[in-house]
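[1] Got a predicted structure plus its sequence, pasted below:
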Amino acid sequence: MLATNNGVELAVQQILRMDDTHLVIRGRLGGTTDANRIFMVPYVYLSFCYFTLPVSNERLKPVFGDLLADDAFEAVPQDHQALADVETQEVESAPVVDIAGDMPKIDVSTLQPQVRPATGPKSVAASLRERLLRTRGPRQ
């Protein structure tokens, strides 16, 4: 998946061309089923990319090659359960921090709801009617 600066996600089916300034891919917009669309994506608009499925080390090394650190593959568990166990251990060993301790208390009972003018079709029609009455007078 590719994500652009404005939040659009592109599911990549095939990379058709990698130019100096842009990438041409076959794929679909995230959240749609319209496959086989062609996108030309300038690199400056790419925010990040990610894989939607786990990728083995054997498949990552040929793709990223020298871009990866030498020890990138040493301690990476290959099965899903091992990954879940590592994440659980990290979460359980993380310190608990009270972030609300220093925040001022707010008495919500004193807050007033913000009233916004209606912008629906009736209010537009009523506004137009009032304007017409002011400029032309009542119908005779």
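    Looks like it arrived, so ask away.
[2] remind me which residues of the chain are low pLDDT?
    Low-confidence segments of the chain (pLDDT under 70): 70-106, 108, 111-125, 137-140.
[3] longest strand of it?
    Longest strand in the chain, counting residues (DSSP state E): strand 9-18.
[4] now the helix or strand containing residue 27 and strand 9-18, what's the angle there?
    Assigned by DSSP states H and E, residue 27 falls within strand 22-29. For strand 22-29 against strand 9-18, the angle by axes from the mean of the first three to the mean of the last three CA atoms, to 10 degrees is 140 degrees.
[5] Using CSV, list the CA coordinates for strand 22-29.
    Extracted in CSV, the C-alpha atoms of strand 22-29 (Å, rounded to 0.1, in the frame of the first residue of the first chain):
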residue,chain,number,x,y,z
HIS,A,22,7.3,9.5,-10.3
LEU,A,23,6.0,6.0,-10.1
VAL,A,24,3.5,4.5,-12.4
ILE,A,25,1.4,1.7,-10.8
ARG,A,26,-1.5,-0.6,-11.5
GLY,A,27,-3.8,-0.8,-8.5
ARG,A,28,-6.9,0.5,-6.8
LEU,A,29,-7.8,3.2,-4.3
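[6] before we move on, the earlier item: buried ones in the longest strand of the chain, by neighbour count?
    The neighbour-count check on strand 9-18 (16 or more other CB atoms under 10 Å) flags 9, 10, 11, 12 as buried. In short, each C-beta sits where N, CA and C put it, glycine included.
[7] right, and the first one touches residue 1 too?
    Yes. Taking CB atoms under 8 Å as the contact criterion, residue 9 and residue 1 are neighbours in contact, 5.5 Å apart.
[8] that's a helix at residue 134, yeah?
    Yes. Assessed by DSSP: H, G, I helix; E, B strand; the rest coil, residue 134 belongs to a helix.
[9] how many other residues sit next to it?
    Around residue 134 sit 8 other residues, with neighbours defined as other CB atoms under 10 Å.
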